[in-house]
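1. Need coordinates for the below:
(2 chains)
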There are 2 protein chains.
Amino acid sequence: MRRGGATSADVVWMESALRLARAAAVRGEVPVGAVVVREGRIIAHAHNETVHRRDPTAHAEVLAIRGALDAVGEDRLIDATLYVTLEPCAQCAGAIILAKVATVVFGAWDNRAGMAGSVHDLLRHPRLNHRPEVIGGVLAEQCGELLKDFFRARR
Amino acid sequence: MRRGGATSADVVWMESALRLARAAAVRGEVPVGAVVVREGRIIAHAHNETVHRRDPTAHAEVLAIRGALDAVGEDRLIDATLYVTLEPCAQCAGAIILAKVATVVFGAWDNRAGMAGSVHDLLRHPRLNHRPEVIGGVLAEQCGELLKDFFRARR
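-> From the prediction side, this is the model:
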């Protein structure tokens, strides 16, 4: 994994994901945002909607991936990059693998559920049939603080 | 994990999941079926729809889990059992954990992507915050043959 190997474009796209995460917080949703970028533009974006949809699986990543598949009209995202403000969980790592997302760039590490190395590394599992490029820790502090502030305010 | 610890009721519900898997094959979908059972009745059912939806994440388990969450009007399935004809992949194991499904009963083992022990055991991962009861290998031969026949016919 490249850590700190993010380009300035990566930072710009992560800022877009962060704006979505902030919008989620305003709506009472856990502040995680995601954008899918292909050929230099955002083709899908989402934030967590677990509260609104009353669906604990409605994470930003899977919503953005489904949107991106719709947008490209194909069944894989082999030339797309997913930017997400939090390290993907098992479900989202699995969806990334199924959709063959080329590159994953994430913000904060998730010590409780992260599947890009924190709890386990599903994204680079040697026995699975797709292994995206992964860049972790981009704008990690801002992405993580947003989550901490959200949960602190709810206690 | 209980293997071969299935009850006769488990076999009956797995037969329902198998019927859905057979219906999937007829429609050109990878034959995997799933039902969610709560208080002795099926509250949601689905089969793979990856072809029809052109969405590689549209696995039977996640579709059935979303249907079951809708049916119960809650954000967790703590008293429900998911029956699925194939060992869940990473995405589906992750969704099972997020939705806190009480029990998972599956049919065939999946040596390529199974996350209930074949490739990795996400469902009983000691660091994740939900660990369902898991019963594997129920009607494994029928569930597996259906998949083998499907892929053999497409070669």
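
2. So A:I43: helix, strand or coil?
-> strand (DSSP: H, G, I helix; E, B strand; the rest coil).

3. Spatially, what comes nearest to it if we skip its sequence neighbours?
-> A:A71 (4.3 Å; CB to CB, 6 or more residues apart in numbering or on different chains). All C-beta atoms are positioned from the backbone trio N, CA, C, and that covers glycine.

4. who's in contact with the helix or strand hosting the one you found?
-> A:A71 is part of helix A:60-72 when elements are defined by DSSP states H and E. Residues outside helix A:60-72 that contact it (CB atoms under 8 Å, 6 or more residues apart in numbering or on different chains) are A:17, A:20-21, A:24, A:32-36, A:38, A:43-49, A:75-77, A:80, A:82, A:84-85, A:88, A:91-92, A:95-96, A:99, A:101, B:54-57.

5. just the angle between the helix or strand hosting A:A21 and helix A:60-72, please?
-> Taking DSSP H and E as the criterion, A:A21 maps to helix A:8-26. Per axes from the mean of the first three to the mean of the last three CA atoms, to 10 degrees, the angle that helix A:8-26 makes with helix A:60-72 is 120 degrees.

6. for helix A:8-26, the distance to its chain's centre please.
-> Distance of helix A:8-26 from the chain centroid (CA atoms, centre = their mean, to the nearest Å) equals 10 Å.

7. hang on, the earlier thing: could you flag which of the contacts of helix A:60-72 are buried?
-> Buried members of the contacts of helix A:60-72, counted by 16 or more other CB atoms under 10 Å in any protein chain shown: A:17, A:20-21, A:24, A:32-36, A:38, A:43-49, A:75, A:77, A:80, A:82, A:84-85, A:88, A:91-92, A:95-96, A:99, A:101, B:55-57.

8. out of those, which are inside helices?
-> In helices, judged by DSSP state H, the following of the buried ones among the contacts of helix A:60-72 are found: A:17, A:20-21, A:24, A:91-92, A:95-96.

9. Format these as a markdown table; extra columns: pLDDT and distance to B:N129.
-> Shown next, in a markdown table, are these (pLDDT from 0 to 100; distance: CB to CB, whole Å):
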| residue | pLDDT | distance to B:N129 |
| --- | --- | --- |
| A:A17 | 98 | 25 |
| A:L20 | 98 | 25 |
| A:A21 | 98 | 22 |
| A:A24 | 98 | 21 |
| A:Q91 | 98 | 13 |
| A:C92 | 98 | 16 |
| A:A95 | 98 | 19 |
| A:I96 | 98 | 21 |
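
10. Next to chain B, which bits of chain A? Give me the list.
-> Chain A comes close to chain B at residues A:50, A:54-57, A:59, A:62, A:65-66, A:69, A:73-76, A:89-95, A:97-100, A:112-113, A:115, A:119-120, A:122, A:125, A:127-129, as judged by CB under 8 Å from any CB of the partner chain.

11. Show the buried residues in the residues you listed.
-> A:50, A:55-57, A:59, A:62, A:65-66, A:69, A:74-75, A:89-95, A:97-100, A:113, A:115, A:119-120, A:122, A:125, A:128.

12. if we can go back for a sec, among the ones in helices among the buried ones among the contacts of helix A:60-72, list the two that are farthest apart in space.
-> Spanning the widest gap among these are A:A24 and A:I96, at 19.7 Å by CB to CB.

13. List the contacts of A:D10.
-> With CB under 8 Å, 6+ apart, A:D10 has these contacts: A:83, A:105, A:135, A:138.

14. switch the cut-off to 7 Å
-> A:105, A:135, A:138 (CB atoms under 7 Å, 6 or more residues apart in numbering or on different chains).

15. Strands - which of those land there?
-> A:105, A:135 (DSSP state E).

16. Name the residue closest to the centre of chain A, please.
-> A:V84 (2.6 Å; CA atoms, centre = their mean).

17. before we move on, back to that, can you count the residues close to the residue nearest to A:I43?
-> As a burial measure, A:A71 scores 15 neighbours (other CB atoms under 10 Å in any protein chain shown).

18. pLDDT score for it?
-> A:A71 is assigned 97 on the pLDDT scale.

19. Give me the below-cutoff pLDDT ranges for chain A.
-> Along chain A, segments meeting pLDDT under 70 span A:1-4.

20. bridging residues for the residue nearest to the centre of chain A?
-> A:A34, A:F106 (DSSP bridges).

21. From what I see, it and A:V35 are in contact.
-> No - the pair A:V84 / A:V35 is not scored as a contact, 8.2 Å apart, by CB atoms under 7 Å.

22. Can you pull the residues that touch both of the two?
-> A:A17.
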